[in-house]
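Student: Here is my input; please provide its structure:
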Amino acid sequence: MAVSKPQRIVMHWTAGKYEMSASDFEKYHEVVEGDGTRRLCKRRPEANNDVNDGDYAAHVRAKNTGSIGLAMCCMEGAKERPFRQGKFPMTEGQLDVFVEMVAEYAETYDIPIDRRHVLSHEEVDVTLGVSQDKWDIMWLPHMSKPDDVVAVGDHLRERIINARDKKFRSRGRDREAMYDDDSLIDRIVERLKNELG
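Tutor: Residues are numbered from 1 along each chain as shown. Sure, this is the predicted structure:
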């Protein structure tokens with residue numbers, strides 16, 4: 001069933017090297033490479049509004065309709081149990097850029113940043129009840145080993161909300177402050193003092 005606009009964001013790691021691969025270009029909407037470079041992929045998020053035409057980013061099993069797929073290029077050779085981060089572990093700098101990117105998409109498409117709408121690949125299994133058989137994203141650079149997928153997702157969502165508020169919400173507060181009565185009067189008085197000497 002088609003939707004009119006993207007409904008959710010699914011967060012991934014590619015399980016690849018630090019550069020976008022040809023497969024990544026097909027599967028996701030945008031990726032963050034190991035050095036923090038953002039790369040647009042083949043399709044815009046709107047391609048996933050209707051997957052019946054076969055021309056969409058197939059990044060999540062049975063939940064592609066309305067799902068924006070965003071990923072970090074990393075984690076090739078990583079293993080969940082026993083944990084091994086491999087030669088291409090997610091980096092903190094890469095994660096910082098990814099968090100900002102997810103915040104931008106959530107703001108652009110008016111997607112709530114909560115467990116049902118901004119979630120990791122494996123959280124689709126737990127939260128939406130559609131088996132994925134993945135472990136992204138259960139580990140972050142500050143962790144010694146993988147943790148509960150929803151706890152990690154909650155940590156990511158908190159960072160994403162903070163990034164969104166810093167980038168987008170502060171503009172609204174600045175604008176409100178600009179038109180605050182007391183602030184406006186103070187600025188007018190100051191300007192008149194300067195102009196009249």
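Student: what's V60 in contact with, if anything?
Tutor: V10, S67, G69, H121, V124, V130, Q132 (CB atoms under 8 Å, 6 or more residues apart in numbering). C-beta: built from backbone N, CA, C; applies to glycine.
Student: Relative to K79, how far out is the first one?
Tutor: With the distance defined as CB to CB, to the nearest Å, V10 ends up 22 Å from K79.
Student: Between these two, tell me which one has more neighbours.
Tutor: Per other CB atoms under 10 Å, whichever of V10 and K79 has more neighbours is V10, with 27 against 12.
Student: Strands of the chain, residue ranges please.
Tutor: Using DSSP state E, the strands of the chain run over 8-13, 30-32, 38-40, 67-72, 118-120.
Student: Any idea which residue is closest to the centre of this structure?
Tutor: Closest to where the C-alpha atoms of the chain average out (CA atoms, centre = their mean) is V102, at 2.2 Å.
Student: per-residue pLDDT, the closest residue to G36 other than its chain neighbours?
Tutor: When the adjacent residues along the chain are set aside, G36 lies closest to V97, with 4.4 Å between them (CB to CB, 6 or more residues apart in numbering). Note on V97: pLDDT of 98.
Student: Where in the chain is the helix or strand with the lowest mean pLDDT?
Tutor: Least confident helix or strand of the chain, by mean pLDDT, DSSP states H and E, is helix 170-178 with a mean of 47.
Student: one step back: tell me which of the strands of the chain sits nearest to V152.
Tutor: Nearest of the strands of the chain to V152, taken as CB to CB: strand 118-120 at 7.0 Å.
Student: Mind listing residues that contact that closest one?
Tutor: Strand 118-120 is contacted from outside by 8-12, 102, 106, 111-112, 127-128, 136-138, 149, 152-153, 156-157, 160, using CB under 8 Å, 6+ apart.
Student: Swap in 10 Å and give it another go.
Tutor: With CB atoms under 10 Å, 6 or more residues apart in numbering as the test, strand 118-120 has contacts from 8-13, 60, 63, 67-68, 70, 102-103, 105-106, 111-112, 125-128, 132, 134-138, 149-150, 152-153, 156-157, 160-161.
Student: Partner strands of it and their direction?
Tutor: strand 8-13 (parallel) (DSSP bridges).
Student: what is the rounded mean pLDDT of the strand it pairs with?
Tutor: In this model, strand 8-13 has a mean pLDDT of 98.
Student: likewise stretch 111-124?
Tutor: 98.
Student: Show me what counts as buried in that stretch.
Tutor: Neighbour-count burial for stretch 111-124, counted by 16 or more other CB atoms under 10 Å, picks out I111, I113, H117, V118, L119, S120, H121, E122, E123, V124.
Student: First-to-last residue distance for it?
Tutor: Using CA to CA, to the nearest Å, the end-to-end distance of stretch 111-124 comes to 16 Å.
Student: Which one, of the strands of the chain, ends up nearest to D50?
Tutor: Nearest to D50 among these is strand 67-72 (12.3 Å), distances taken as CB to CB.
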